[in-house]
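This is a predicted model, with the sequence first.
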Amino acid sequence: MACRISELVIDAEDPGRLAAFWCDVLGYVELAREGDGSIQIGPPGVGFGGAQPTLVLNAGRNPRLGKLPLHIDVNATDRDQDAELARLLALGAVPVDVGQTGEESWHVLADPEGNEFCLLRTQLKSI
């Protein structure tokens, strides 16, 4: 028997803002809102335990020190990488320079709170 990733937890100064951003990016919906301010989002009609992990945006104001050792990679499902990059930038993502050469097949971006993620080239099928 093995494990699989069921959810990813991200500390956020403004969980509502990040939940809205990631819902737009991933096509997710809000699944739950807890009394402590945390918000869980996930695929519509599936929720926790489906093929895709849910995201939990935890309310917290603990500043990060240095680069996070983990980041999210995303792939477009219904358009090419250039079109998806334009969409993500319009949603509020910003380009991040982490020392790229310009020859990479991915784009490094940050969400509205500065969490880095990468947009990969390969277009995937929707689940």
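Cool, got the structure.

At which residues are the strands of this protein located?
7-12, 29-33, 39-42, 54-59, 72-74, 94-95, 107-110, 116-119 (DSSP state E).

Domain ranges for the protein, per the record?
1-60, 69-127 (automatic domain parsing).

and these as CSV, adding mean pLDDT and mean neighbour count?
Where C-beta positions appear, they are placed from N, C-alpha and C, glycine not excepted. CSV is the format used below for the domains of the chain (pLDDT from 0 to 100; neighbours: other Cβ atoms under 10 Å):
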stretch, mean pLDDT, mean neighbour count
domain 1-60, 92, 16
domain 69-127, 92, 13
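
related to what we said a few turns ago, quick one: closest of the strands of the chain to Asp80.
strand 116-119 (11.0 Å; Cβ to Cβ).

Can you work out which other helices and strands pack against the closest one?
strand 72-74, helix 81-91, strand 107-110 (3 or more Cβ pairs under 8 Å, 6 or more residues apart in numbering; DSSP states H and E).

Contact partners for Leu91?
Contacts for Leu91 (Cβ atoms under 8 Å, 6 or more residues apart in numbering) come out as 21, 24-25.

And Arg87, by the same measure?
Arg87 touches Arg79, counting by Cβ under 8 Å, 6+ apart.

Going forward, the N-terminal residue is numbered 34.
Understood, numbering begins at 34; the last thing we discussed is Arg120.

Distance check, it against Ile160.
19 Å (Cβ to Cβ, to the nearest Å).

re earlier: sort out for me which of the contacts of Leu124 are in helices.
54, 57-58 (DSSP state H).

closest to Leu152 among those?
The closest of these, once distances to Leu152 are taken by Cβ to Cβ, is Val58, at 9.6 Å.

Surely the closest one and Val107 touch.
Yes. The criterion here is Cβ atoms under 8 Å, and Val58 meets it with Val107 at 6.6 Å.
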